[in-house]
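> here are the coordinates; sequence isn't available:
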């Protein structure tokens, strides 16, 4: 895999409410990016579905702001690009065999949640979209109050974990490599790489979709990134949004 794209520059902030909120403010002020925003202290981090994201001392909280002319549905595929980049970051400091990805974009370490990815976007006045790729990684400590089993990178190392400033350099380079693959080869190449690291495919899966809960076997990704879930009746359901659970994994 070659990296034709250079990593985006990094802006380091001592304290911020939320790196995604800062990316939105910059985008709405006309900034196009690409730029990584790293918050050494994040006071109001957010996760998917409006959940709070706890950023402990020494953990990574960063957002990539960039612009694209892709239509919204295609631009959303960036969540899989981000998951692959986080997987590379984790594999740089822990055994790669422990790193996996749970649909749609939850990086796991030792089968436990170690990272969160939040994608937000909006229309640019000059056309196209701004995209904010928010990434939180538990480098030094896991959340104190987590609703799901979680871990931190330091648990799986004898040496101290990387600092957020060290980690963002690895993450930015990995994201640039996978973004280059996405732009040159399209989503099928990203889907293949994601599937190679997927957690739980071929296993029993519970999908919670808000007002509906489904149980079946997770068969894999559809062409647009939806999860194919085979129900006991034999019916195939496409899961495009929701939470999925495999056994005891988060």
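Received, thanks. These figures come from a predicted structure and were not determined experimentally. Numbering: from 1, shown residues only.

> okay, CA-based contacts and neighbour counts for the rest of this
Fine.

> contact partners of the helix-or-strand element of the chain with minimal mean pLDDT?
Lowest by mean pLDDT, DSSP states H and E among the helices and strands of the chain is strand 243-245, with a mean of 88. Applying C-alpha atoms under 8 Å, 6 or more residues apart in numbering, the external contacts of strand 243-245 come out as 103, 205, 206, 207, 208, 209.

> Recalculate using a threshold of 6 Å.
205, 206, 207, 208 (C-alpha atoms under 6 Å, 6 or more residues apart in numbering).

> cool, stretch 99-119 as well?
Contacts of stretch 99-119 (C-alpha under 6 Å, 6+ apart): 47-48, 80, 83, 98, 132-138, 150-152, 197-199, 249-250.

> buried ones in the biggest helix by length in the chain?
In the chain, taking DSSP state H as the definition, the longest helix is helix 164-185. Within helix 164-185, the residues that qualify as buried by neighbour count (16 or more other C-alpha atoms under 10 Å) are 164-165, 167-182.

> swap in stretch 201-218?
Buried-residue list, stretch 201-218, by 16+ other C-alpha under 10 Å: 201, 204, 205, 206, 207, 208, 214, 215, 216, 217, 218.

> how far away is the third one from residue 107?
Read that as residue 205. 17 Å (C-alpha to C-alpha, to the nearest Å).

> give me every residue that touches residue 9.
When contacts are taken as C-alpha under 6 Å, 6+ apart, residue 9 is in contact with residue 35.

> on that earlier part again, buried ones among the contacts of stretch 99-119?
Applying 16+ other C-alpha under 10 Å to the contacts of stretch 99-119 flags 47, 80, 83, 98, 132-138, 150-152, 197-199, 249-250 as buried.

> Which stretches in this structure count as helices?
19-28, 72-75, 78-91, 164-185, 187-196.

> coming back round to it: report the mean per-residue pLDDT for the longest helix of the chain.
The average pLDDT for helix 164-185 rounds to 97.

> same question, stretch 194-213
For stretch 194-213, the mean pLDDT works out to 92.

> got a list of contacts for it?
100-102, 214-219, 242-246.

> Out of those residues, flag the one nearest to residue 191.
residue 101 (11.6 Å; C-alpha to C-alpha).

> Neighbours of that closest one, how many?
Residues within reach of residue 101, counting by other C-alpha atoms under 10 Å, total 24.

> give me every residue that touches the closest residue in space to residue 65 that isn't next to it in sequence.
Distance criterion C-alpha to C-alpha, 6 or more residues apart in numbering; nearest residue to residue 65, sequence neighbours excluded, is residue 132 at 4.7 Å. Each residue near residue 132 by C-alpha under 6 Å, 6+ apart is listed here: 64, 65, 119, 120, 121.

> Got the confidence number for residue 80?
The model's pLDDT for residue 80 equals 96.

> For the contacts of stretch 194-213, which two are the farthest from each other?
Within the contacts of stretch 194-213, 100 and 214 form the most distant pair, 22.8 Å apart (C-alpha to C-alpha).

> burial of residue 234, as a residue count?
10.

> Could you do residue 17 as well?
Neighbour number of residue 17 under other C-alpha under 10 Å is 14.

> My guess is it contacts residue 41. True?
No - if you go by C-alpha atoms under 6 Å, residue 17 and residue 41 don't touch, sitting 8.2 Å apart.

> ok, now how distant is the residue nearest in space to the middle of the chain from residue 78?
In the chain, the residue lying closest to the centroid (C-alpha atoms, centre = their mean) is residue 117, at 3.3 Å. From residue 117 across to residue 78, the span is 10 Å (C-alpha to C-alpha).

> swap in residue 132?
Per C-alpha to C-alpha, residue 132 is found 10 Å from residue 78.

> Quickly list what residue 62 is bridged to.
residue 38, residue 135 (DSSP bridges).
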